[in-house]
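1. After the sequence you'll find the predicted model.
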Amino acid sequence: MRIGILGDVHSNLEALQAVVDKMRSEEIDNWVQVGDIVGYGADPRPCLALVQELDCTVCIGNHDAAVVGILDTEYFNTYARAAIEWTRGQLEQEDMDYLRNLPLLVEHSEFTVVHGSQYKPEQFGYVLSKVEAVESMRVQRTKMAFVGHSHVPALYMQREGTELADIEVLYDSEIDARITSFTRVLMNVGSVGQPRDEDKRAAYGIYDTATGEARISRVSYDIETTQKKIRAAGLPSVLADRLSLGV
Ligand code: ZN
């Protein structure tokens, strides 16, 4: 089974379309989205429609949860909060219902999908360090887990016959690994719509359960169009500016 994973789309339609176009040539059997479909960008409805059209396995992100009122916006910075409030005004009832009904964590036979840490997923804890990865992987029941939230790609891997505390880590803007000799793996797929690893290209993940291929790839997209839309919508201009820097 070849799984294509989308992380943190954040209403960036140009990035999402570029990534999906590229992924369509990768013979994907199952599509996954790790939450935060909306927030920050100017195209929440078209992004929601495309994720639904792909029939993605989806979990809820903290921005999705805030838009529908499950999570208090006091936990967000000023720019994020402004975007959440703007997004709320754009969505139809059906969009709100879709987001509200997304699960916090999905456990498939081959993989787990969660936005932040698998440990207390309702707290949307970040997995940025080895310690946080170990805490998350301690409760992981499938060989593979896909997460997002930090917008920074990473692969945390427990090799066969080793302790969880001794996981191996790969941090890079693009990663191409084989995980056949690992028992548990946590893959942070990076972000489609707002990368923060100083690589402005949109990120996506591929996992092949037959070959053990676990890969993060990048795609360039029309950032200028996205920025124009963000500014024209009256969203904070910093949300447009940061896209050119990948921060
Ligand atoms: Zn996010």
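-> Ah, there it is.
2. now the residue lying farthest from the centre of the chain, what's its secondary structure?
-> Here the chain reaches farthest from its C-alpha mean at Gly161, the gap being 30.0 Å by C-alpha atoms, centre = their mean. With DSSP: H, G, I helix; E, B strand; the rest coil as the basis, Gly161 sits in coil.
3. quick one: the strands in the chain?
-> 2-6, 30-33, 57-58, 105-107, 111-114, 144-147, 154-159, 168-171, 175-178, 182-188, 202-208, 213-219 (DSSP state E).
4. In CSV: the ones you listed, plus mean pLDDT and mean neighbour count.
-> Bear in mind the C-beta positions are built from the backbone N, C-alpha and C, glycine included. Formatted as CSV, the strands of the chain follow (pLDDT from 0 to 100; neighbours: other C-beta atoms under 10 Å):
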stretch, mean pLDDT, mean neighbour count
strand 2-6, 98, 25
strand 30-33, 98, 22
strand 57-58, 98, 22
strand 105-107, 98, 16
strand 111-114, 98, 25
strand 144-147, 98, 26
strand 154-159, 98, 22
strand 168-171, 98, 14
strand 175-178, 98, 16
strand 182-188, 98, 23
strand 202-208, 98, 25
strand 213-219, 98, 20
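5. can you list the residues of this protein near the ion?
-> Within reach of the ion by C-beta under 5 Å from the ion, the chain has these residues: 8, 36.
6. show me where pLDDT drops low in the chain?
-> Across the chain, nothing is flagged by pLDDT under 70.
7. how about the longest helix seen in it: buried residues?
-> If you go by DSSP state H, the chain has its longest helix at helix 78-90. For helix 78-90, burial by neighbour count (16 or more other C-beta atoms under 10 Å) applies to 80-84, 86-88.
8. Restrict stretch 182-196 to CA atoms and write it as CSV.
-> Provided in CSV are the C-alpha atoms of stretch 182-196 (Å, rounded to 0.1, in the frame of the first residue of the first chain):
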residue,chain,number,x,y,z
PHE,A,182,12.7,-0.5,12.4
THR,A,183,9.8,-1.5,14.7
ARG,A,184,8.2,1.9,15.3
VAL,A,185,8.5,5.1,13.3
LEU,A,186,7.1,8.6,13.8
MET,A,187,7.0,10.7,10.6
ASN,A,188,6.5,14.5,10.8
VAL,A,189,5.5,15.2,7.2
GLY,A,190,6.2,18.9,7.4
SER,A,191,3.7,21.5,6.0
VAL,A,192,2.0,21.9,2.6
GLY,A,193,0.8,25.4,3.1
GLN,A,194,3.2,27.1,5.5
PRO,A,195,6.7,25.4,5.8
ARG,A,196,8.8,26.6,8.7
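9. Glu132: what's it in contact with?
-> 117, 125-126 (C-beta atoms under 8 Å, 6 or more residues apart in numbering).
10. hmm, who's touching stretch 206-219?
-> 1-5, 15, 18-19, 22-23, 26, 28, 110-111, 144, 146, 153, 155, 172-180, 185, 187, 189-190, 199, 201-205.
11. How far away from the center of its chain is that stretch?
-> 15 Å (C-alpha atoms, centre = their mean, to the nearest Å).
12. for it, how far is the first residue from the last?
-> One end of stretch 206-219 sits 13 Å from the other (C-alpha to C-alpha, to the nearest Å).
13. Against the ion, how distant is Ala233?
-> 18 Å (C-beta to the ion, to the nearest Å).
14. tally of neighbours for that residue?
-> Counted with other C-beta atoms under 10 Å, residues neighbouring Ala233 total 17.
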